[in-house]
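[1] Got a sequence here, can you build the structure:
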Amino acid sequence: MRIRGLWLGLVLLGSASGSARADAPARMNVLMIVSDDLTNNALGAYGGPRETPNVDALARRGVRFDRAYCQFPLCNPSRASFLTGLRPDTLRVYENATQFRKNRPDAQSLPQTFRKAGYAVARVGKLYHYGIPAQIGTDGLDDPSSWERTVNPRGRDKDDEDKIFSLTPDARGAGRFGATLSWLAADGSDAEQTDGKIALEIAGLLRQYADRPFFLGCGFFRPHTPYVAPKAYFDRHPTGSIALPVVPADHRQSAPPPAFGSSKKEQEVMTDDLRRQAIRAYRASASFMDAQIGVVLKALDDLKLADRTIVVFLSDHGYHLGEHGLWQKMSLFENSARVPLIIDDPRRPGQDRYCPRTVELVDLHATLADLCGLDAPKTDGTSLRPLLDDPDRAWDRPAFTQVSRGTPITTGEPKKQQSPWFMGRSVRTERYRYTEWDGGKKGAQLYDEEADPGELANLADNPAHARDRERLSALLRANATGPR
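    Okay, here's the model as predicted:
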């Protein structure tokens with residue numbers, strides 16, 4: 001009775017503070033699960049290998065968004081964006097070094113909205129940016145105002161770093177495992193790995209908070225490179241079953257040079273065998289991460305919390321595994337900009353529903369506050385609640401993604417650039433992707449996603465699509481508020 005009385009007191013306190021609307025329904029919990037550097041193509045629910053059964057089961061329970069997009073395909077800008085509901089241009093965060101409060105000290109984050117409403121708010125693992133693997137076990141670029149409790153597990157993957165293979169021989173000494181393709185089929189159990197520890201910590205917090213409303217952030221590090229997973233997960237993905245992406249020999253001549261600006265020399269000369277090994281290791285790491293999601297969701301079910309908990313699964317951005325001749329992130333092709341996004345609200349009936357509308361991660365703050373009946377600050381996103389009610393309803397909101405090229409110096413006066421620094425901006429509608437580099441001065445790309453989902457035929461200079469280009473360029477100009 002004492003615990004239930006505490007829970008009721010917190011509800012009344014949140015209502016009295018004005019953070020929860022007077023007409024709010026019974027309080028729902030939120031469990032936000034974030035995977036790092038995950039491509040849709042690694043998930044069975046999105047047409048990938050059927051070796052991610054827990055994410056696939058979650059997709060059958062909720063709504064799978066087929067056209068969801070990040071706002072910046074790099075960890076820190078993307079995470080700062082979706083955890084505040086503000087675009088990178090609003091936050092002025094474009095790289096992995098700037099904590100967003102340096103530029104927006106008064107921003108109210110998504111977890112803060114729930115804290116103000118009296119929720120227990122905690123995170124385990126990577127929600128805001130961490131350098132991987134160097135900052136595993138630390139706070140990274142965390143935001144202390146967002147959480148009342150944080151846990152930073154550290155597993156044997158940190159201790160086994162001397163065993164990791166890397167394309168870059170000096171990666172170990174330079175701490176660059178996170179910047180190049182590296183992998184390890186590890187000894188030991190799931191529970192010894194950092195992500196295994198994260199899952200067990202989340203299960204413990206679910207037990208601790210079972211009798212009060214909670215917002216829990218569960219941030220897995222995998223499949224971010226180095227691709228580390230116990231050996232059993234590698235066995236699920238034999239190299240003989242891996243088909244390599246087909247890239248036309250003249251593909252780089254079809255688009256402006258900045259489109260391929262994320263390419264790295266050591267990746268361009270990989271043998272087909274190494275490519276298959278890298279893809280195998282990545283998929284093994286994704287399957288391992290999926291198994292940890294299974295641990296978390298089982299705890300949710302065992303504690304009988306599933307019926308009153310909204311579960312959100314996403315990645316911070318997409319990922320290349322050789323498509324367009326690219327690996328990792330930081331491009332404006334579909335592989336890098338598109339993300340998995342699944343929202344399971346148990347109050348909404350129906351199974352295996354998918355939504356074909358274009359949505360953005362910047363929408364999550366408004367969406368989760370709306371679903372839980374909380375007042376939220378004005379953000380740059382919009383609530384996706386109408387699409388959870390009817391995934392096929394009319395929806396005329398394109399998705400915007402941007403990425404920078406060059407390296408600006410952000411300290412000292414006057415500010416100078418180490419190399420030419422400019423922005424690439426892309427807009428995705430249900431049919432087209434259109435991209436401009438440096439406001440169009442360094443080239444443009446236009447793809448018909450219905451006819452060319454691989455984005456191999458650039459239509460930007462095709463006279464038959466001149467009106468499409470003009471219309472989409474106007475959308476980009478209207479949305480851009482930061483550097484061109």
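[2] residues in contact with Gln108?
    Listed by C-beta atoms under 8 Å, 6 or more residues apart in numbering, the contact set of Gln108 reads Thr84, Lys116, Ala376, Pro377. Just so you know, the C-beta spots here come from the backbone N, C-alpha and C atoms, and that holds for glycine as well.
[3] how about a cut-off of 10 Å?
    Thr84, Gly85, Leu86, Arg115, Lys116, Ser145, Ser146, His365, Ala376, Pro377, Lys378, Thr379 (C-beta atoms under 10 Å, 6 or more residues apart in numbering).
[4] Show me where the stretch 151-300 of the chain has its strands.
    165-166, 182-186, 214-219, 227-230 (DSSP state E, counting those that start in this stretch).
[5] Which phi and psi values does the residue nearest to Pro256 when sequence neighbours are not counted adopt?
    Closest residue to Pro256 apart from its sequence neighbours, by C-beta to C-beta, 6 or more residues apart in numbering: Gly443 at 2.5 Å. Per-residue torsions, Gly443: phi 110, psi 170 (degrees, to the nearest 10).
[6] Gly443: neighbour count?
    18 (other C-beta atoms under 10 Å).
[7] tell me the contacts of it?
    Contacts of Gly443 by C-beta under 10 Å, 6+ apart are Ala255, Pro256, Pro257, Pro258, Ala259, Gly424, Thr435, Glu436, Trp437, Asn458, Ala460, Asp461.
[8] Now flag whichever of those residues is closest to Thr225.
    Nearest to Thr225 among the contacts of Gly443: Ala259, at 22.0 Å, using C-beta to C-beta.
[9] Against Asn76, how distant is the closest one?
    Remark: distance between Ala259 and Asn76 (C-beta to C-beta, to the nearest Å) = 22 Å.
[10] for Tyr354, same thing?
    For Tyr354, the distance to Asn76 - C-beta to C-beta - is 30 Å.
[11] more neighbours, the two?
    The residue with more neighbours, out of Tyr354 and Asn76, is Asn76; 25 against 16, by other C-beta under 10 Å.
[12] thinking again about what came up before, nearest to Gly406 among the contacts of Gly443?
    Of the contacts of Gly443, the one sitting nearest to Gly406 (C-beta to C-beta) turns out to be Pro258, at 9.3 Å.
[13] Assess the claim that the closest one and Gly439 are in contact.
    No. Counting by C-beta atoms under 10 Å, Pro258 does not reach Gly439; the two are 12.0 Å apart.
[14] Spit out the residues that contact these two alike.
    Common neighbours of Pro258 and Gly439 (C-beta under 10 Å, 6+ apart) are Phe422, Met423, Gly424.
[15] so Leu475 sits right up against Pro398, yeah?
    Yes. Look at Leu475 against Pro398 with C-beta under 10 Å: they come within range, at 6.0 Å.
[16] Between the two, which contacts overlap?
    Counting by C-beta under 10 Å, 6+ apart, the residues touching both Leu475 and Pro398 are Val427, Thr429, Tyr434.
[17] residue ranges of the strands in the stretch 301-450 of the chain, please?
    Using DSSP E, counting those that start in this stretch, strands in the stretch 301-450 of the chain cover 309-315, 320-321, 327-328, 338-344, 353-360, 399-405, 422-428, 432-437, 444-448.
[18] would you list those strands in CSV and tack on distance to Asp56?
    CSV is the format used below for the strands of the stretch 301-450 of the chain (distance: least, C-beta to C-beta, whole Å):
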stretch, distance to Asp56
strand 309-315, 11
strand 320-321, 19
strand 327-328, 25
strand 338-344, 10
strand 353-360, 12
strand 399-405, 24
strand 422-428, 25
strand 432-437, 27
strand 444-448, 28
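[19] I'd like to know which of those lies nearest to Tyr209.
    Nearest to Tyr209, of those and by C-beta to C-beta, is strand 309-315 at 10.4 Å.
[20] got any ranges where this protein has weak pLDDT?
    Scanning the chain for pLDDT under 70 picks out 1-26, 171-175, 408-419, 484.
[21] Go ahead and flag the most central residue of it.
    Nearest to the mean C-alpha position of the chain, counting by C-alpha atoms, centre = their mean, stands Asp316 at 1.5 Å.
[22] What's the local residue count around the closest residue to Ser109 other than its chain neighbours?
    Counting by C-beta to C-beta, 6+ apart, Ser109 lies nearest to Ser146, which is 4.6 Å off, once chain neighbours are set aside. Residues lying near Ser146 (other C-beta under 10 Å) number 24.
[23] so Ser146 sits right up against Lys116, yeah?
    No. Ser146 is not in contact with Lys116 according to C-beta under 10 Å; the separation is 11.3 Å.
[24] rewinding a little: any chance of a markdown table for the strands of the stretch 151-300 of the chain, columns distance to Asp344?
    Below are the strands of the stretch 151-300 of the chain laid out as a markdown table (distance: least, C-beta to C-beta, whole Å):
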| stretch | distance to Asp344 |
| --- | --- |
| strand 165-166 | 37 |
| strand 182-186 | 31 |
| strand 214-219 | 14 |
| strand 227-230 | 25 |
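[25] In TSV: the ones you listed, plus mean neighbour count and distance to Arg469.
    Formatted as TSV, those follow (neighbours: other C-beta atoms under 10 Å; distance: least, C-beta to C-beta, whole Å):
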stretch	mean neighbour count	distance to Arg469
strand 165-166	18	41
strand 182-186	23	40
strand 214-219	25	39
strand 227-230	28	39
